[in-house]
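1. sequence? don't have it. structure:
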């Protein structure tokens, strides 16, 4: 078995592989005589041990807690945003079905807060306290709880940002077991919230020039405007794993920029997300 060839191929796919295990020389030395020392059936287990070292190492507790408290801050934001809206929605003229949908989303966000706080407590730490929020963002969205269309626009921005926030930091807790699974479970629910809010906006929009889709297209805000542009910057990326998706063949020509950008979500860094939500946090 040519282990050098195997390691060469691994390194091409993941240049950081050796940084997570041993050096290249040490890895080759360990496996150079494996065919002589191990039965053929044992080789997969030996290789499995190497891969576990590379990809199965749990993240440090400090990293996990930082990610969890970061997520909790965002969930506090969304949970309070929706909770505050429940008594305001009737006065905004929101249809009964829409009010019920928002109530379900509010319940989900409250459950996310509870889960994250419990997990942080179970790790022997104290959850970050809930900040004081200003959902007008200092006056930029003054009538967020009186104008139903504006409320939905802000909700869409929060949900889209939340999806990208979870995606942006998921890699930091790879190997986190149940914690990673819980984070990904929340991430997928946030994505469904985002899609549903977008559908609600689409049902209300009379402006045919704004094509509100259930997903993000390029770096478009779906008609909301420059005030929320930071939540969408980077979504125009069409290169995945070094492959330009836009240039790939489709049923008619090539996939193109629009479909390529819609096919993949992009993450946001911690600093990007904190900058986006900063106008809504006042204490």
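-> Nice, I can see it. Since we're looking at a predicted model, the values are computed, not measured.
2. Surely residue 216 and residue 235 touch.
-> Yes: Residue 216 is within contact range of residue 235, at 5.0 Å (criterion: CB atoms under 8 Å). Every C-beta, even on glycine, is put in place using the N, C-alpha and C of the backbone.
3. neighbour-wise, which of these two wins?
-> residue 216 (24 against 21; other CB atoms under 10 Å).
4. what's that one in contact with, if anything?
-> Under the criterion of CB atoms under 8 Å, 6 or more residues apart in numbering, the neighbours of residue 216 are 160, 222, 232, 235, 261, 262, 265.
5. Show me whatever sits in contact with both of residue 216 and residue 235.
-> Jointly contacting residue 216 and residue 235 under the rule CB under 8 Å, 6+ apart are 261, 265.
6. how about low-confidence regions in the stretch 1-150 of the chain?
-> For the stretch 1-150 of the chain, the stretches with pLDDT under 70 are 1-58.
7. mind running it again at 80?
-> Low-confidence segments of the stretch 1-150 of the chain (pLDDT under 80): 1-60.
8. where along it do the helices fall?
-> Assigned by DSSP state H, counting those that start in this stretch, the helices in the stretch 1-150 of the chain fall at 3-13, 17-20, 24-32, 34-37, 43-55, 61-85, 89-92, 96-122, 148-170.
9. Retrieve the pLDDT associated with the residue lying closest to residue 237 once chain neighbours are set aside.
-> Distance criterion CB to CB, 6 or more residues apart in numbering; nearest residue to residue 237, sequence neighbours excluded, is residue 266 at 5.4 Å. On pLDDT, residue 266 comes in at 97.
10. right, and residue 266 touches residue 235 too?
-> Yes: distance between residue 266 and residue 235: 5.3 Å, which falls inside the contact criterion (CB under 8 Å).
11. Need the residues touching each of the two.
-> Common neighbours of residue 266 and residue 235 (CB under 8 Å, 6+ apart) are residue 164.
12. For residue 239, what are phi and psi?
-> Per-residue torsions, residue 239: phi -100, psi 120 (degrees, to the nearest 10).
13. what about it, how many neighbours?
-> Look at residue 239: counted by other CB under 10 Å, it has 12 neighbours.
14. what about the closest residue to it other than its chain neighbours, neighbour count?
-> Sequence neighbours aside, residue 245 is the residue nearest to residue 239 in space, at 7.1 Å (criterion: CB to CB, 6+ apart). Neighbourhood size, residue 245 [other CB under 10 Å]: 19.
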